[in-house]
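**Student:** one predicted model, sequence on top.
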Amino acid sequence: MVGQILRVTDLQAKSTVEVVSAVDSIATVAEETSASTEEASAAAEEQASSMEEITSTSQTLAELALNLKNLVDQSGFAGNSPKPEKSAGSPKSEGKAKSPATEPKKGVKGKQPREVPSGMKETPEQRSAF
């Protein structure tokens, strides 16, 4: 009977060592998973910050584009007559400002050629490779 108890005790000791080893393995995997989760969280925060920055930059760019459009509309470079500044006592008989001499430039397929002010002619140095 004592021999049998010794064998069972020995078997329990071996099983205990296996359980401790398994728990250590689980703890190691849990630590690695926790570290990976922290890295993923940091990456998500960084991505959210980048998206906020992109949104802000896009809004600024949209405002700049609107300002540029307004300036172009006012100047008349887009083929439109310049919009006169509104002043309280300006008589309407002063006439429109003369636009610079223009020359036709080929437009997009299926559209009419557009007029480009001669002062805005493209020189070979200004041509882009794109």
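**Tutor:** Great, that's in hand. Numbers count the residues shown, from 1 in each chain.
**Student:** going forward, measure contacts between C-alpha atoms and count neighbours the same way
**Tutor:** Will do.
**Student:** now do the strands in this structure.
**Tutor:** Secondary structure of the chain (DSSP state E): strands at 102-105, 114-117.
**Student:** between these, which gets the lowest average pLDDT?
**Tutor:** With a mean of 51, strand 102-105 has the lowest mean pLDDT of those.
**Student:** output the lowest mean pLDDT helix or strand found in the protein.
**Tutor:** One helix or strand of the chain scores below all others by mean pLDDT, DSSP states H and E: strand 102-105, with a mean of 51.
**Student:** E32: what's it in contact with?
**Tutor:** For E32, the contact set (C-alpha atoms under 8 Å, 6 or more residues apart in numbering) is empty.
**Student:** count the neighbours of F77 for me.
**Tutor:** Residues contacting F77 under the criterion other C-alpha atoms under 10 Å number 17.
**Student:** for L68, see how far away it is.
**Tutor:** 11 Å (C-alpha to C-alpha, to the nearest Å).
**Student:** and for S41?
**Tutor:** Taken as C-alpha to C-alpha, the span from S41 to L68 is 40 Å.
**Student:** do the same with S36
**Tutor:** 47 Å.
**Student:** then Q47?
**Tutor:** Taking C-alpha to C-alpha, one finds Q47 at 31 Å from L68.
**Student:** and G76, by the same measure?
**Tutor:** 12 Å.
**Student:** just the local confidence number for G76, please.
**Tutor:** On pLDDT, G76 comes in at 77.
**Student:** I'd like to know how far it sits from V20.
**Tutor:** 83 Å.
**Student:** neighbour count winner among those two?
**Tutor:** Of the pair G76 and V20, G76 is the one with more neighbours under other C-alpha under 10 Å, namely 16 against 12.
**Student:** where does the more buried one fall, phi/psi-wise?
**Tutor:** Dihedral pair for G76: phi 90, psi 10, per degrees, to the nearest 10.
**Student:** all set now, cheers.
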